[in-house]
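J.: Predicted coordinates and the sequence they were generated for:
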Amino acid sequence: MDQIKIGRFIKECRREKGLTQQQLADLLGITFKTVSKWECGVSHK
């Protein structure tokens, strides 16, 4: 899977659960900006 597909999958799953990026981030112990980067397919190599 490429990063764009993974990001779409994360976004779809999050929305199905009715979670905001902030709520998902809180559950995972990360920042909402990280969730946003995942969903946009942005990563640091």
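T.: Thanks, I have it.
J.: All the strands of the chain, in order from the start?
T.: Ranges of strands within the chain: none, based on DSSP state E.
J.: Pick out the residue closest to the middle of it.
T.: In the chain, the residue lying closest to the centroid (Cα atoms, centre = their mean) is Val35, at 3.6 Å.
J.: That one contacts Thr20, correct?
T.: No - using Cβ atoms under 8 Å, Val35 and Thr20 do not qualify as a contacting pair, with a distance of 9.1 Å. Where you see a C-beta, it was placed from the backbone N, CA and C, and this is true even at glycine.
J.: any common contacting residues for the two?
T.: For the pair Val35 and Thr20, residues contacting each of them under the criterion Cβ atoms under 8 Å, 6 or more residues apart in numbering are Arg14.
J.: how many neighbours does Gly7 have?
T.: Neighbour count for Gly7, taken as other Cβ atoms under 10 Å: 20.
J.: Go ahead and confirm it touches Val35.
T.: No - here Gly7 lies out of contact with Val35, judged by Cβ under 8 Å, at a distance of 9.7 Å.
J.: Can you name the residues that contact the nearest residue to the residue nearest to the centre of the chain once chain neighbours are set aside?
T.: Leaving aside its sequence neighbours, Val35 sits nearest to Gln21 (Cβ to Cβ, 6 or more residues apart in numbering; 4.4 Å). Residues in contact with Gln21, defined by Cβ under 8 Å, 6+ apart, are Arg14, Phe32, Val35, Ser36, Glu39.
J.: same thing with Glu39?
T.: Under the criterion of Cβ under 8 Å, 6+ apart, the neighbours of Glu39 are Gly7, Arg8, Ile10, Lys11, Arg14, Gln21.
J.: Quick check: the two most widely separated of those?
T.: Pairwise distances across the contacts of Glu39 peak at 14.2 Å for Arg8 and Gln21 (criterion: Cβ to Cβ).
J.: how close does the closest residue to Thr31 other than its chain neighbours sit to Asp2?
T.: In space, not counting the residues next to it along the chain, Thr31 is nearest to Ala25; the distance is 5.6 Å by Cβ to Cβ, 6+ apart. Taking Cβ to Cβ, to the nearest Å as the measure, Ala25 and Asp2 are separated by 23 Å.
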